[in-house]
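Trainee: I would like to see how this sequence folds:
(2 chains)
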Protein chains: 2
Amino acid sequence: MKQVVCGIDLGGTNSPFGFVERDGSIAAHGAVKTTEFETFEDYMEGLLAEIGKVQSRVRNTQIVGFGIGAPNGNYYTGTVENAPNLKWKGKLMFTESVTRRTGLPAFLTNDANAAAIGEKIFGNAKEMNDFIIITLGTGLGSGIYCGGKLLYGSTGFAGELGHVIVDFDGRKCGCGRQGCLEQYASATGIRKTVLKLLSKTDRKSILRNYRDEEIDGKIIYEAAIQKDELALEAFEYTGEILGKALANASAFSSPEAIFLFGGLANSGEYIIEPTKRHMEKNMLNNFKNTVQILPSGLKENTAAILGAAALCWNEIKLK
Amino acid sequence: MKQVVCGIDLGGTNSPFGFVERDGSIAAHGAVKTTEFETFEDYMEGLLAEIGKVQSRVRNTQIVGFGIGAPNGNYYTGTVENAPNLKWKGKLMFTESVTRRTGLPAFLTNDANAAAIGEKIFGNAKEMNDFIIITLGTGLGSGIYCGGKLLYGSTGFAGELGHVIVDFDGRKCGCGRQGCLEQYASATGIRKTVLKLLSKTDRKSILRNYRDEEIDGKIIYEAAIQKDELALEAFEYTGEILGKALANASAFSSPEAIFLFGGLANSGEYIIEPTKRHMEKNMLNNFKNTVQILPSGLKENTAAILGAAALCWNEIKLK
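Mentor: From the prediction side, this is the model:
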């Protein structure tokens, strides 16, 4: 009998899941549409029914636990609270519901923390005790390892580097404050930077061939590949803000490496090079040349499931 | 036979030490003048001779180890490197030298980390797993506990919140960069703020009765007690910068409490109240009202020795 953990990635639109073996191979996978379910209880029923269906197709496989990555997920309580991209409001008792229905242990954390655990267990951070993972998607998420342990803090919400304020008079953020890092360093952030450069200057750019609504991280990346100066300047500015913030983060936890992951990180050296350069330029002497900026070792399409599963494998191992 | 740890506070001018019992009581203490010794080896000899003298005066006491708090001290290597306030340059092999001469285990960390361990073992953080201590002296030092463990990071130098940059175009710092937190939130920082307010405005202030060189944290505090508006504004500004930085630090590690310690912290509510207010005002929703700002539970004159001894007791206990 092959033991697997079911890793679930609770997303605003879809909830993919996978049966993950201890070595990180995915024995089977599936998904349900998150938006299809009126209530959270309906969702749980539909999700577990679909997991049961997939399980019936794979032979000799025993699920030993569940790991869940979720927006605004709280590791300590196993709940999801007021996630802006979910329609079910209030406190969703996710792990309690899974265990009640299956009799199996379940563990939950937010998606960026799950990515960090995935990097530690299955990715490029296997030998590292102190590292940070930055997910550059619509927003900026982060998961932080300190001394070999994921940082949860007293509330369970530690590691919110996307909401470190880099400019107290800066861009408005969805959190109600101004100048949060994710308003600059994310797909949304670089888009805002491009729109500002387009409207405030007369400079030529192939990005002027697009309507404002069309411009996204991918289009900006493609313009940069074609050496479009405005696109390159947007990457430079994004890397400057991110690099400075990572120099400050290094003074806090002195990581061995910072991994960049997600949509904007797929722009590779266009984002990594300026980030690295500005980080080093602004680094306290003690930390100069001690922090690597690296791409994640996990593939984007399976990272969330692997991360969620890694959380559960990790907890089971500790017992 | 009573077991004690010898806690040593390596300071630029003096090196006080004390024999600390497991419960934090100090059985005996002494000191040598740091500046009196030409070489580091002379210093070690003189220091251990003085420790021996004090030991011969107390009966039934066995030293079981040494703990050292030192500027720029590195826990991993037990060395002190390029401390700006010491005349001996290069890498000082402190713990190695103690152990070679005494045969006893020795542990070293920087002074702010020692203060954090002291707070955890003997002070107000006994029950806390996630907290930060901020020492507001000539500079700003910090020691950070995450998940019950002191944060050292990959280099051993983690927890340098004094050198988080709060304004990239800001005041010049001794580290060679600009806008470090300690240039605003420290005795030196509030002094600079007062001198700026005095020179840039015509406002009345009893601080105008002093020469620039005379103005220090204590004089500013005394002026604030007398409701001097310029002094109060300097505390307000200092608290604003510090509060904002602590809101950002909370998004990183989500501490249960942040302890203020050292010279400027002795100004009590004059510094605590504005710090707290600006921290809460700038806090991400998840963390609002979750972080206490507290005074340290250790007395200033014995804290450094207790912290250094706590480091050693902690390590011995772990073995």
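Trainee: When you work out contacts or count neighbours from here on, use the C-alpha atoms and nothing else.
Mentor: Noted.
Trainee: List the buried residues of the helix or strand containing A:E222.
Mentor: Following DSSP states H and E, one finds A:E222 within helix A:217-225. By neighbour count on 16 or more other CA atoms under 10 Å in any protein chain shown, the buried set for helix A:217-225 is A:217, A:219-221, A:223-224.
Trainee: what packs against it?
Mentor: Applying 3 or more CA pairs under 8 Å, 6 or more residues apart in numbering or on different chains; DSSP states H and E, we find helix A:217-225 packed against helix A:187-200, helix A:229-253.
Trainee: Report the distance from the shortest one to the chain centre.
Mentor: Pointing back at helix A:187-200 there. 22 Å (CA atoms, centre = their mean, to the nearest Å).
Trainee: Surely A:Y270 is in a strand?
Mentor: No - using DSSP: H, G, I helix; E, B strand; the rest coil, the secondary structure at A:Y270 is helix, not a strand.
Trainee: Can you give me every residue that contacts A:T61?
Mentor: Remark: with contacts taken as CA atoms under 8 Å, 6 or more residues apart in numbering or on different chains, A:T61 is in contact with A:1-4, A:55.
Trainee: Next, the buried residues of the lowest-mean-pLDDT helix or strand in chain A.
Mentor: Every helix and strand of chain A was ranked by mean pLDDT, DSSP states H and E. The lowest is helix A:300-318, at a mean of 90. By neighbour count on 16+ other CA under 10 Å, the buried set for helix A:300-318 is A:303-314.
Trainee: Mind putting these into CSV with distance to B:F259?
Mentor: Formatted as CSV, the buried residues of helix A:300-318 follow (distance: CA to CA, whole Å):
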residue, distance to B:F259
A:A303, 38
A:A304, 37
A:I305, 39
A:L306, 38
A:G307, 35
A:A308, 35
A:A309, 37
A:A310, 35
A:L311, 32
A:C312, 35
A:W313, 36
A:N314, 33
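Trainee: among these, which are within reach of chain B?
Mentor: With the criterion set as CA under 8 Å from any CA of the partner chain, no member of the buried residues of helix A:300-318 is near chain B.
Trainee: what helices or strands is the least confident helix or strand of chain A leaning on?
Mentor: By 3+ CA pairs under 8 Å, 6+ apart, helix A:300-318 packs against strand A:2-9, strand A:14-20, strand A:61-70, strand A:106-110, helix A:111-122.
Trainee: So which bits of chain A are right by chain B?
Mentor: With CA under 8 Å from any CA as the criterion, chain A comes near chain B at residues A:129-130, A:146-147, A:151-161, A:163-165, A:175, A:177, A:248-256, A:282, A:284-287, A:290.
Trainee: Can you tell me which of those are buried?
Mentor: Neighbour-count burial (16+ other CA under 10 Å) applied to these gives A:129-130, A:146-147, A:151-161, A:163-165, A:177, A:248-256, A:282, A:284, A:286-287, A:290.
Trainee: angle of the least confident helix or strand of chain A against strand A:2-9?
Mentor: Interaxial angle, helix A:300-318 versus strand A:2-9 (axes from the mean of the first three to the mean of the last three CA atoms, to 10 degrees): 120 degrees.
Trainee: Alpha carbons of helix A:300-318, as PDB, please.
Mentor: Extracted C-alpha coordinates of helix A:300-318, given in PDB (Å, rounded to 0.1, in the frame of the first residue of the first chain):
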ATOM      1  CA  GLU A 300       4.500  26.600 -11.000                       C
ATOM      2  CA  ASN A 301       1.600  24.300 -11.900                       C
ATOM      3  CA  THR A 302       2.300  21.800  -9.200                       C
ATOM      4  CA  ALA A 303       4.000  24.000  -6.500                       C
ATOM      5  CA  ALA A 304       0.900  24.800  -4.600                       C
ATOM      6  CA  ILE A 305      -0.200  21.200  -4.300                       C
ATOM      7  CA  LEU A 306       3.300  20.100  -3.400                       C
ATOM      8  CA  GLY A 307       3.600  22.800  -0.800                       C
ATOM      9  CA  ALA A 308       0.300  21.900   0.800                       C
ATOM     10  CA  ALA A 309       1.300  18.200   0.800                       C
ATOM     11  CA  ALA A 310       4.700  19.100   2.200                       C
ATOM     12  CA  LEU A 311       3.100  20.800   5.200                       C
ATOM     13  CA  CYS A 312       1.200  17.600   6.100                       C
ATOM     14  CA  TRP A 313       4.200  15.300   5.500                       C
ATOM     15  CA  ASN A 314       6.300  17.600   7.700                       C
ATOM     16  CA  GLU A 315       3.700  17.500  10.500                       C
ATOM     17  CA  ILE A 316       3.300  13.700  10.400                       C
ATOM     18  CA  LYS A 317       7.000  13.200  10.400                       C
ATOM     19  CA  LEU A 318       7.300  15.400  13.500                       C
END
